[in-house]
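1. here are the coordinates; sequence isn't available:
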């Protein structure tokens, strides 16, 4: 028996480094094993998770609940994340990266606004939300409208394994983590530390290393030359499923959203987010995305009924932007979003009451680079 215990103890001791090393990386970086509520109380932060993206929903929910109701809230997928508080003269928060399907909007609003409602909801309506081959909304009428956000503090065995995989691939090393731990107390998560990428205090996303690589024309940049997006178009997957007609159920879901906002005295400014010009050309050439040709017209019929706004921002040239100001094939940059906002204000959007055109023009003149207008954070 004693021999068995000795061998078992020795075996367990030999396994200790297997778990301890990834645990240290996750803890020191703030990827896991940290109390997110304590981080949120900081004045500034950059939170970028490599393995725990599901915690972003909790981050957004906690930020909204812990502050006075912002006058303007941006809501949608990752394609609205370049709107920043510095662009507005009224209080603003970016709740993007919380919405996937068009059916997610009402549950999010019901859960997170309740008695605290913004004056204006700036929503991104991704074109594929209207494609039944991407989201057929089969259970829309039966869906129990709930929006959940949970925070996972501890790491799973899969996450520990992923750390080892990335260490062996030399994606990062202990020197990077320790250097950040000693010098920068405002970055949390491996993406924030290694890639300088993550969410800011205002809910917007900073793309750090991606911007650097694009400026340097580094082929290791994500979706460099839009090759990844072109592959999606070629294969008809990952948001770019083929589609002929606008899904009528999506228009019903849109109508339900607008009616809900009207009844709750929330003004809606909706946008169809941009594609790179080169991507728009590929979409047209394929002749397999004809539903996109009708999205603005059909959605605007619904939105105009409620005296709300819909802006088709899918074409960068409409507001004097271009492919050199895109982060990838279907994400505009901070620069393109300032130009987008200026275009809407000049065309008499209600957003003119919550920002200042002259200030935006001056900010653009003094921009950091062709992707970023303002310093980070």
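-> Received the coordinates, thanks. Everything numeric in this text was worked out from a predicted model, so none of it was measured. Numbers count the residues shown, from 1 in each chain.

2. Just the helices from the stretch 251-377 of the chain, written as ranges.
-> Applying DSSP state H, counting those that start in this stretch to the stretch 251-377 of the chain gives helices spanning 277-286, 292-305, 334-346, 357-365.

3. tell me which residues of stretch 222-234 are tucked away?
-> By neighbour count on 16 or more other C-beta atoms under 10 Å, the buried set for stretch 222-234 is 222, 223, 226, 229, 230, 232, 233. Every C-beta, even on glycine, is put in place using the N, C-alpha and C of the backbone.

4. So residue 325 sits against residue 333, correct?
-> Yes: counting by C-beta atoms under 8 Å, residue 333 is a contact partner of residue 325 at 5.0 Å.

5. Need the overlap of contacts for the two.
-> 370, 371 (C-beta atoms under 8 Å, 6 or more residues apart in numbering).

6. before we move on, the earlier item: out of the buried residues of stretch 222-234, name the ones that lie in helices.
-> Taking DSSP state H as the definition of helices, these contribute 229, 230, 232, 233.

7. Thought residue 275 was touching residue 330, still the case?
-> Yes: counting by C-beta under 8 Å, residue 330 does reach residue 275; the two are 5.2 Å apart.

8. pLDDT wise, what is residue 226 at?
-> For residue 226, the model assigns a pLDDT of 98.

9. so what's it up against?
-> So residue 226 contacts 276, 278, 279, 328, 329 (C-beta under 8 Å, 6+ apart).

10. with the residues you listed in mind, which one is nearest to residue 217?
-> residue 328 (14.4 Å; C-beta to C-beta).

11. And for residue 371, the neighbour number?
-> 22 (other C-beta atoms under 10 Å).

12. Residue 208 versus the nearest residue to it once chain neighbours are set aside, what's the distance?
-> Spatially, and ignoring its direct neighbours in sequence, residue 371 is nearest to residue 333 (4.1 Å; C-beta to C-beta, 6 or more residues apart in numbering). According to C-beta to C-beta, to the nearest Å, residue 333 and residue 208 sit 13 Å apart.

13. These two: which is more packed in?
-> Of the pair residue 333 and residue 208, residue 333 is the one with more neighbours under other C-beta under 10 Å, namely 25 against 20.

14. Residue 374 reaches residue 362, doesn't it?
-> No: using C-beta under 8 Å, residue 374 is not in contact with residue 362; the gap is 11.9 Å.

15. between those two, what contacts are shared?
-> Counting by C-beta under 8 Å, 6+ apart, nothing touches both residue 374 and residue 362.

16. Run through this protein and note the low-pLDDT ranges.
-> The chain contains residues with pLDDT under 70 at 1-18, 143-145, 176-177, 179-184.

17. now the most centrally placed residue in it: how far from residue 290?
-> For the chain, residue 78 is the residue whose C-alpha lies nearest the centre (C-alpha atoms, centre = their mean; 2.5 Å). Applying C-beta to C-beta, the value for residue 78 to residue 290 is 25 Å.

18. Kindly report the same for residue 140.
-> Going from residue 140 to residue 290 by C-beta to C-beta gives 23 Å.

19. and what of residue 219?
-> Using C-beta to C-beta, we find residue 219 at a distance of 33 Å from residue 290.

20. ditto for residue 113
-> 36 Å.

21. likewise residue 200?
-> With the distance defined as C-beta to C-beta, residue 200 ends up 38 Å from residue 290.

22. The two: which is more packed in?
-> More crowded of residue 200 and residue 290, by other C-beta under 10 Å: residue 200, with 18 against 15.

23. Would you confirm that that one contacts residue 45?
-> Yes: under the criterion of C-beta under 8 Å, residue 200 makes contact with residue 45 at 7.4 Å.

24. so what sits against both of the two?
-> With C-beta under 8 Å, 6+ apart as the test, residue 200 and residue 45 both reach residue 377.

25. still on that earlier bit, tell me who's in contact with the residue nearest to the centre of the chain.
-> 96, 97, 205, 331.

26. so how many other residues sit close to the first one?
-> The one in question is residue 96. By other C-beta under 10 Å, neighbour count at residue 96 equals 26.

27. Surely residue 88 touches residue 73?
-> No: taking contacts as C-beta under 8 Å, residue 88 lies outside contact range of residue 73: 10.6 Å.

28. how long is stretch 264-273 from one end to the other?
-> Length of stretch 264-273, first residue to last, C-alpha to C-alpha, to the nearest Å: 25 Å.

29. again, but for stretch 266-285
-> End-to-end for stretch 266-285, by C-alpha to C-alpha: 39 Å.

30. for it, which positions count as buried?
-> Buried-residue list, stretch 266-285, by 16+ other C-beta under 10 Å: 266-276, 279-280, 282-283.

31. Among the residues you listed, which one sits closest to residue 348?
-> Nearest member of the buried residues of stretch 266-285 to residue 348, counting by C-beta to C-beta, is residue 269, at 11.7 Å.

32. Touching, that closest one and residue 124? I think so.
-> No: counting by C-beta under 8 Å, residue 269 stays clear of residue 124, with 10.4 Å between them.

33. re earlier: make CSV from the helices of the stretch 251-377 of the chain and add distance to residue 35 to it.
-> Output for the helices of the stretch 251-377 of the chain, formatted as CSV (distance: least, C-beta to C-beta, whole Å):
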stretch, distance to residue 35
helix 277-286, 41
helix 292-305, 41
helix 334-346, 30
helix 357-365, 36
